[in-house]
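A.B. asks: This is a predicted model, with the sequence first.
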Amino acid sequence: MSSRSIPFQPTEIEAMVASHKRWLNNEPGSRADFRKADLSGADLRGADLSDSDMEGADISNADLTGADLTNSNLQRKDIMSAGAFLEGATMPDGRSWEDYRRNVFRF
């Protein structure tokens, strides 16, 4: 975790993801704010994080398998250095992780 990351407990992450889901469904809730959050090792499998604020988030070793990151502001440099599990995830630009990896990272 970098010294500028904000630590989140698993229960806090779950609550924020649930509130974000309600917000996405135009129900009472709020947009997920994971700016500069320490999400390292977090279990975010299948989470709908579309339109979330993830600028500067530490997603190292986080499990984002099948997560939807469409229109989130997760930066390419954060994705590239993360070592996160992204199989089946939808990336910020709407592409699948597999297509994103092939075309953006060339591996």
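C.D. replies: That came through, no problem.

A.B. asks: From here on, just use CA atoms for contacts and neighbour counts.
C.D. replies: Noted.

A.B. asks: what element comes up after the one helix or strand in the chain whose mean pLDDT sits lowest heading to the C-terminus?
C.D. replies: Ranked by mean pLDDT, DSSP states H and E, the helix or strand of the chain with the weakest confidence is helix 76-80, at a mean of 75. Sequence order places helix 97-100 as the next helix or strand after helix 76-80, per DSSP states H and E.

A.B. asks: in that next one, what counts as buried?
C.D. replies: Using 16 or more other CA atoms under 10 Å as the test for burial, helix 97-100 gives 97, 100.

A.B. asks: buried set for the least confident helix or strand of the chain?
C.D. replies: For helix 76-80, the neighbour count (16+ other CA under 10 Å) marks 78-79 as buried.

A.B. asks: now that helix, how far from the centre of its chain.
C.D. replies: Helix 76-80 has its C-alpha centroid displaced from the chain centroid by 11 Å (CA atoms, centre = their mean, to the nearest Å).

A.B. asks: Need the contact partners of that helix.
C.D. replies: 56-59, 105 (CA atoms under 8 Å, 6 or more residues apart in numbering).

A.B. asks: quick one: least confident of those?
C.D. replies: pLDDT is lowest at Phe105 among these; the value there is 64.

A.B. asks: And the contacts of the helix ranked longest in the chain?
C.D. replies: Counting by DSSP state H, the longest helix found in the chain is helix 10-24. Here helix 10-24 makes contact (CA under 8 Å, 6+ apart) with 28-33, 42, 47-49, 52.
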